[in-house]
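Novice: Predicted coordinates and the sequence they were generated for:
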Amino acid sequence: MDNFCEALKKLKLTSADSTEDSLEGCLDCLLKALARNNAEASEKIQENGILQVFPGLLGPHSSCTPKVANIIAEVAKNEFMRSPCVEAGLIPPLVQLLNCKDQEVLLQTGRALGNICYDSHSLQAQLVNMGVIPTLVKLLGVHFQNTPLTEMCLIAFGNLAELESSKEQFASTNIAEELVKLFRKQTEHEKKEMVFEVLAPLAENDTIKLQLVDAGLVECLLDVVGHTVDGDKEEDIAELKTASDLMVLLLLGDESMQKLFDEGKGSVFQRVLSWVPSHNHQLQLAGALAIANFARNDGNCIHMVDTGIVQKLLDLLDRHVEDGNVTVQHAALSALRNLAIPVVNKAKLLSAGVSEEVLKFLKSEMPPVQFKLLGTLRMLIDAQAEAAEQLGKNVKLVERLVEWCEAKDHAGVMGESNRLLSALIRHSKSKDVVRTVIQNGGVKHLATMATSEHMIMQNEALVALGLIAALDLGMAEKDLESATLVQVLHKLLSDERSAPEIKYNSMILICTVMGSEPLHKEVQGLMFLDVVSKLRSHENKMVAHQASLTEQRLTAQS
């Protein structure tokens with residue numbers, strides 16, 4: 001310890017004019033002390049003002065530089081030393097040293113900067129602004145044979161890639177090529193994992209997604225999948241998951257997805273399809289998610305349905321009805337929902353038995369599965385009267401929808417249940433469906449839906465309620481009364497913020513419910529004439545015309 005104290009004094013006094021040899025001895029003494037007790041030695045270094053001496057010792061041509069950078073790296077392992085390092089002005093000279101050719105200097109400099117900026121987004125952002133990203137990418141390209149230096153670059157990229165501000169800088173370098181080149185070289189699991197940890201955050205950026213696809217990452221990932229799919233070692237399972245997850249991430253970018261789809265002829269697209277019937281759950285999941293991502297435009301969806309993908313997904317779902325693998329169920333339902341969006345696909349999916357398969361999951365208690373199940377059925381019945389009638393008369397389905405309409409803990413499930421309930425009525429226009437909904441207590445939920453903050457949901461509810469009132473007002477009368485529908489309509493018509501179609505459909509509904517004596521009395525009691533007569537001068541012609549008709553009806557029946 002005495003030697004250490006001596007070294008501290010000597011460094012402070014003579015750093016400016018000492019020979020490099022005498023300084024090196026002091027620096028060695030500091031490194032030994034840090035190796036013995038890092039925290040205690042770091043504290044002494046700070047107390048003696050040595051950090052302030054270091055900027056002057058970090059010259060690109062000084063033989064002391066690697067040791068000084070190493071000491072800074074060791075000191076900055078302690079959280080309490082990071083701010084003092086910044087205050088001592090160590091970051092700018094360290095950043096400058098990244099342009100040096102000496103590999104040991106580069107390694108220790110990278111460690112020092114990494115430790116000082118560890119866990120600090122503001123300091124990492126400062127490094128990005130100082131231009132370290134292009135410098136580090138260049139280093140990776142030049143020194144890819146140097147394993148410690150390569151790992152230092154990867155750790156730095158892993159930290160910086162988490163910053164949103166860094167993505168543009170990364171995209172302007174050849175990082176994609178360098179990482180793919182490096183990945184191809186790796187044989188050890190740990191080394192592959194290190195590259196994966198950088199690829200994942202970078203691949204969230206759409207420009208970099210495309211660069212990675214162009215650099216051949218997908219082929220590397222397919223190789224990993226091929227080598228690990230039958231492995232039962234922990235590292236094989238981990239690599240398979242990471243590689244397949246990363247593949248799905250690349251498909252989230254529109255351009256990268258379309259490039260890999262290649263009009264359905266892409267070899268990558270074909271390989272990914274083969275994952276769906278696999279016996280490996282991770283590959284089934286990735287395959288279904290990949291299909292859901294490829295199915296993001298009508299052209300792709302139509303092509304995929306025509307090439308028999310639906311049956312593969314139905315077989316996959318069928319394997320997971322009982323075992324309840326929620327992630328696979330969710331992914332397969334997402335894919336079917338997207339495939340059901342183009343009008344020409346709906347009848348094909350229905351005749352393939354998609355609705356029957358989807359209904360098997362009605363018993364699921366998992367909100368993500370419930371949400372996708374509802375969305376798939378809603379897409380399937382859009383403008384498909386026969387299917388809407390068949391499903392709308394299915395008592396088990398309607399009972400479950402009414403139950404989920406009250407799922408206040410899961411707003412998505414609640415919203416989708418209401419929308420499907422409304423869609424069954426709107427697309428079937430069937431008295432039987434209306435009766436099934438009334439008998440199972442669905443009317444009050446549609447009346448509540450009419451007050452939604454989303455205009456599209458309000459409108460869907462009003463149209464469905466209009467059909468209920470038109471097709472079986474007698475049966476619905478009590479439910480409409482207890483749901484205070486007339487007050488809801490009065491509010492919607494009085495509210496200046498209500499969209500024209502909301503006002504229009506509310507007035508049509510008023511005219512229809514006046515066929516019921518108790519509801520007619522409610523209408524008379526609420527002075528609807530005043531509200532409606534004002535709407536005769538509405539800027540929307542359809543609203544103005546409907547206001548005239550409604551006024552006549554109200555006047556005639558007052």
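Specialist: Structure received.
Novice: Now the element after the longest helix anywhere in the chain, going C-ward?
Specialist: Of all the elements of type helix in the chain, the one with the most residues (DSSP state H) is helix 455-482. Proceeding N to C from helix 455-482, the next assigned helix or strand is helix 485-494, under DSSP states H and E.
Novice: Quick check: next helix or strand after that following helix?
Specialist: The element immediately downstream of helix 485-494 (helix or strand, assigned by DSSP H and E) is helix 500-513.
Novice: which residues make contact with that following helix from outside it?
Specialist: 455, 458-459, 462-463, 465-466, 469-470, 473, 480, 485-486, 489, 492-493, 498, 519-520, 523, 528, 532, 535, 538, 540, 542-543, 546-547, 549-550, 553-554 (C-beta atoms under 8 Å, 6 or more residues apart in numbering). To be clear about C-beta, it is placed using only N, CA and C from the backbone, and glycine gets the same treatment.
Novice: one more time with 7 Å
Specialist: 455, 458-459, 462-463, 465-466, 469-470, 473, 480, 485-486, 489, 492-493, 519, 523, 528, 532, 535, 540, 542-543, 546-547, 550, 553 (C-beta atoms under 7 Å, 6 or more residues apart in numbering).
Novice: Buried ones from those, can you make that a ChimeraX selection?
Specialist: Only the buried entries of the contacts of helix 500-513 go into this ChimeraX selection, using 16 or more other C-beta atoms under 10 Å:
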select :458,459,462,463,465,466,469,470,473,480,485,486,489,492,493,519,523,528,532,535,543,546,547,550,553
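Novice: quick one, the longest helix of the chain and helix 500-513 angle?
Specialist: Here helix 455-482 runs at an angle of 20 degrees relative to helix 500-513 (axes from the mean of the first three to the mean of the last three C-alpha atoms, to 10 degrees).
Novice: just checking, what packs against helix 455-482?
Specialist: When contacts are defined as 3 or more C-beta pairs under 7 Å, 6 or more residues apart in numbering; DSSP states H and E, helix 455-482 sits against helix 411-428, helix 431-439, helix 443-449, helix 500-513, helix 517-525.
Novice: Comparing these by mean pLDDT, which bottoms out?
Specialist: The weakest mean pLDDT among the helices and strands packed on helix 455-482 belongs to helix 517-525, with a mean of 90.
Novice: elements contacting that one?
Specialist: If contacts are counted by 3+ C-beta pairs under 7 Å, 6+ apart, helix 517-525 sits against helix 455-482, helix 485-494.
Novice: Please repeat the previous calculation with a cut-off of 8 Å.
Specialist: On a contact count with 3 or more C-beta pairs under 8 Å, 6 or more residues apart in numbering; DSSP states H and E, helix 517-525 meets helix 455-482, helix 485-494, helix 500-513.
Novice: re the thing from before, a markdown table for the helices and strands packed on helix 455-482, including distance to H320?
Specialist: Formatted as a markdown table, these follow (distance: least, C-beta to C-beta, whole Å):
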| stretch | distance to H320 |
| --- | --- |
| helix 411-428 | 20 |
| helix 431-439 | 29 |
| helix 443-449 | 30 |
| helix 500-513 | 41 |
| helix 517-525 | 47 |
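Novice: wait, which of those helices is closest to L140?
Specialist: Nearest of the helices and strands packed on helix 455-482 to L140, taken as C-beta to C-beta: helix 411-428 at 42.9 Å.
Novice: where along this structure do the strands fall?
Specialist: Assigned by DSSP state E, the chain shows no strands.
Novice: circling back: mind checking how far the longest helix of the chain is from the chain centre?
Specialist: Here helix 455-482 is found 36 Å from its chain centre; the criterion is C-alpha atoms, centre = their mean, to the nearest Å.
Novice: pLDDT averaged over that helix, what's the number?
Specialist: On average, helix 455-482 scores 95.
Novice: cool, and stretch 168-181?
Specialist: Averaging pLDDT along stretch 168-181 gives 94.
Novice: again, but for stretch 356-363
Specialist: Stretch 356-363 comes out at a mean pLDDT of 95.
Novice: Can you get me the start-to-end distance on that stretch?
Specialist: Start to finish, the residues bounding stretch 356-363 are 13 Å apart (C-alpha to C-alpha, to the nearest Å).
Novice: what does that stretch contact?
Specialist: Contact with stretch 356-363 is made by 314, 317-318, 321, 329, 333, 336, 369, 373, 376-377, 380, 394, 396-397, 400, as judged by C-beta under 8 Å, 6+ apart.
Novice: Same check on stretch 530-541?
Specialist: 490, 493-494, 500, 503-504, 507, 510, 543-544, 546-548, 550-551, 554.
Novice: gap between the nearest residue to M247 once chain neighbours are set aside and F144?
Specialist: With C-beta to C-beta, 6 or more residues apart in numbering as the criterion, M247 has its nearest non-adjacent residue at 5.0 Å, and that residue is L221. Distance of L221 to F144, given as C-beta to C-beta, to the nearest Å: 20 Å.
Novice: Filter the contacts of stretch 356-363 down to the ones in helices?
Specialist: In helices, defined here by DSSP H, the members of the contacts of stretch 356-363 are 314, 317-318, 329, 333, 336, 369, 373, 376-377, 380, 396-397, 400.
Novice: quick one: which of these is most hemmed in?
Specialist: L336 (31 neighbours; other C-beta atoms under 10 Å).
Novice: So that residue is in contact with G375, correct?
Specialist: No - judged on C-beta atoms under 8 Å, L336 makes no contact with G375 at a distance of 9.4 Å.
Novice: related to what we said a few turns ago, let's have the helices and strands packed on helix 517-525 in TSV, adding distance to H281.
Specialist: Formatted as TSV, the helices and strands packed on helix 517-525 follow (distance: least, C-beta to C-beta, whole Å):
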stretch	distance to H281
helix 455-482	36
helix 485-494	47
helix 500-513	46
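Novice: Tell me which residues are up against stretch 247-259.
Specialist: Here stretch 247-259 makes contact (C-beta under 8 Å, 6+ apart) with 200, 203-204, 206, 209-210, 212-213, 217-218, 221-222, 225, 260, 266, 272, 286, 289-290, 293-294, 296-297, 300.
Novice: Cheers, nothing more for now.
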